[in-house]
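**Student:** with the sequence up front, the predicted model follows.
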Amino acid sequence: MGVVQLSFALLSLLVFHDHEEVLFFDANLILASAGVVLIFLARGFDINRIGFRDSLLFATVTWVVMGVLGAIPIIMVTHVSFTDGVFESISALTTTGATILTGLDDMPRTFLLYRQFLQWLGGLGVVIFVVAILPILNIGGMKLLKAETLGPMKDEKLTPRVMHTAHSLWVVYLIITILCALGYYLAGMSAFDAIAHSLTTVSTGGFSTHDASLGYFQSTKILLVSDIFMILGAVSFALHFRAYKKRSLGAYWFDEETRTFLYLIVILSLIVAVALFSNGNYASFFTALNQATFHLISFITSTGFGADAFTDWPTYIAFLLVIASYIGGCAGSTAGGNKVVRDILSVKIIGRELNRLVHPKGLFKLKYQHHPVDDTVLEAVVAFMSVVAFSSLALTLLLMVSGLDFWSSLTAVAACINVLGPAFGELGSNFQPVSDFGTWVLSCAMILGRLEYFTVLALFMPSFWQR
């Protein structure tokens, strides 16, 4: 993180000339001092002793520490409180996109790009980044990779060594980001905005350099570019890698999760478009379809971009968008939510139980990608869905205790636990109305959702600490 902030100090001094270099240099000195202390404390630690429980702890602590350290420039530039600074930083690193800031259009470009870069850095995960750039972590590295990688199916290796696996994922990530920036630039964005928004589109983060988000540009072309790259960011990067290696787009269609994901986007977008057009929100069905598709993709991929006053849409449409955020993107992508593979298996589990009611003596084996699914995987899916429901309810109640109404609390929890960003009700503009207590609750919710619950919850079990 210190290297990142030093780089932005140099950007401010040599490129943007917005006089923020001193603040970023000061932040770098603070982080360098913290790094020296951590190195001193870690003397004699044997990397060979990393176990899976150590990996879970490492993954969680990494997000907390990086969130606090990343907040230093935010606090120094904007003068927000420590609570709000950490919230903004964690929101960036977890690619949530919820913000307490206003007046983005007038802020220094160095700071805006730093904020965007934090989301890009968090997209595939800080831990994977560490595994990719530090060969010393190649020993036991797959344990760290499994603790960090999103989705229920984490055992697949793209290459024989974890170092090469992480490197391959980041190469794919970088290539798609470059293509996204080029697409935005050709669609009419300035070079600065194109680069800045590509960082938060592919990472499905949703931060913008403008208060009006992508609505600032008033461009259908830009929305179409965003649609494409939000979807690419929400599809498994391992699948992107395999499609590239095979030189075949058919790999996407033959993947059951990706195919279902695309079906859901088409169906739900049409439903929202018809609802908006019927309700009279737009005079043209094409405009309604364009806005519906963009915002549906933005929510289901957990990106959180906005292009219109969608917070003023009818409540039932807003509720459908919230449901889409829980559906989520594909496993192994930068998207949040439950992940489509879990949704598929959940529907199949319900179907199996209904068949058992009709045929009590029947034997029914669930299949995914034409292969039988082990009962342990199905049990894990049921447990995950149960934890999602319980966590959402508990966190919503905590926010209501802090003073928010039910709709604002529910959508704020959905925005943070699904690493989505925008909420409704009192928080339709930003998260400034949330109390300090509520802000810390939502900061914890973002980390909980980013690490998919169990990685964090395991730390609170007494048996976790017993050897």
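**Tutor:** Noted; the coordinates are in hand.

**Student:** can you show me the strands along this structure?
**Tutor:** 367-368, 371-372 (DSSP state E).

**Student:** save these as TSV, and put in mean pLDDT and distance to residue 398 too.
**Tutor:** Placement of C-beta: from N, CA and C, glycine included. Shown next, in TSV, are the strands of the chain (pLDDT from 0 to 100; distance: least, CB to CB, whole Å):
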stretch	mean pLDDT	distance to residue 398
strand 367-368	88	35
strand 371-372	88	41
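
**Student:** any chance of the ones you listed in TSV, with mean neighbour count and distance to residue 388 too?
**Tutor:** Shown next, in TSV, are the strands of the chain (neighbours: other CB atoms under 10 Å; distance: least, CB to CB, whole Å):
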stretch	mean neighbour count	distance to residue 388
strand 367-368	13	20
strand 371-372	8	25
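
**Student:** reformat the ones you listed as TSV; add distance to residue 234.
**Tutor:** Shown next, in TSV, are these (distance: least, CB to CB, whole Å):
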stretch	distance to residue 234
strand 367-368	19
strand 371-372	23
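
**Student:** and of those strands, who's closest to residue 401?
**Tutor:** strand 367-368 (40.3 Å; CB to CB).

**Student:** show me what that closest one packs onto, helices and strands only.
**Tutor:** Identification of packing neighbours for strand 367-368 by 3 or more CB pairs under 8 Å, 6 or more residues apart in numbering; DSSP states H and E yields helix 340-358.

**Student:** off-centre distance for the helix it packs on?
**Tutor:** 27 Å (CA atoms, centre = their mean, to the nearest Å).

**Student:** identify each buried residue in it, please.
**Tutor:** Using 16 or more other CB atoms under 10 Å as the test for burial, helix 340-358 gives 340-346, 348-349.

**Student:** and if you look at stretch 215-224?
**Tutor:** Buried, per 16+ other CB under 10 Å, within stretch 215-224: 215-217, 219, 222-223.

**Student:** so of the residues you listed, which two are at opposite extremes in space?
**Tutor:** Between any two of these, the greatest separation by CB to CB is 11.8 Å, found for 216 and 223.

**Student:** could you measure from the closest residue to residue 111 other than its chain neighbours over to residue 380?
**Tutor:** Spatial nearest neighbour of residue 111, excluding adjacent residues (CB to CB, 6 or more residues apart in numbering): residue 77 at 4.7 Å. Separation of residue 77 from residue 380 (CB to CB, to the nearest Å): 43 Å.

**Student:** likewise for residue 463?
**Tutor:** 18 Å.

**Student:** likewise residue 78?
**Tutor:** Per CB to CB, residue 78 is found 41 Å from residue 380.

**Student:** and residue 29, by the same measure?
**Tutor:** In terms of CB to CB, residue 29 sits 45 Å off from residue 380.

**Student:** same check on residue 418?
**Tutor:** Per CB to CB, residue 418 is found 19 Å from residue 380.

**Student:** so which of the two has more stuff around it?
**Tutor:** residue 418 (29 against 15; other CB atoms under 10 Å).

**Student:** so the more buried one makes contact with residue 326?
**Tutor:** Yes. Using CB atoms under 8 Å, residue 418 makes contact with residue 326 at a distance of 6.1 Å.

**Student:** shared neighbours of those two, anything?
**Tutor:** Shared contacts of residue 418 and residue 326 (CB atoms under 8 Å, 6 or more residues apart in numbering): residue 337.

**Student:** just the buried residues of stretch 215-224: which are in helices?
**Tutor:** Among the buried residues of stretch 215-224, the ones falling in helices (DSSP state H) are 222-223.

**Student:** could you dump the buried residues of stretch 215-224 to a markdown table with distance to residue 114 and pLDDT?
**Tutor:** Formatted as a markdown table, the buried residues of stretch 215-224 follow (distance: CB to CB, whole Å; pLDDT from 0 to 100):
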| residue | distance to residue 114 | pLDDT |
| --- | --- | --- |
| 215 | 23 | 93 |
| 216 | 19 | 95 |
| 217 | 22 | 95 |
| 219 | 25 | 94 |
| 222 | 23 | 97 |
| 223 | 26 | 96 |
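
**Student:** tell me which of the buried residues of stretch 215-224 is nearest to residue 427?
**Tutor:** residue 215 (17.7 Å).

**Student:** OK, contacts around the closest one?
**Tutor:** Here residue 215 is in contact with 306-308 (criterion: CB under 8 Å, 6+ apart).

**Student:** residue 298 versus that one, what's the distance?
**Tutor:** 11 Å.

**Student:** joint contacts of those two?
**Tutor:** Common neighbours of residue 215 and residue 298, counting by CB under 8 Å, 6+ apart, are residue 306.

**Student:** since that was my last question, I'll sign off now.
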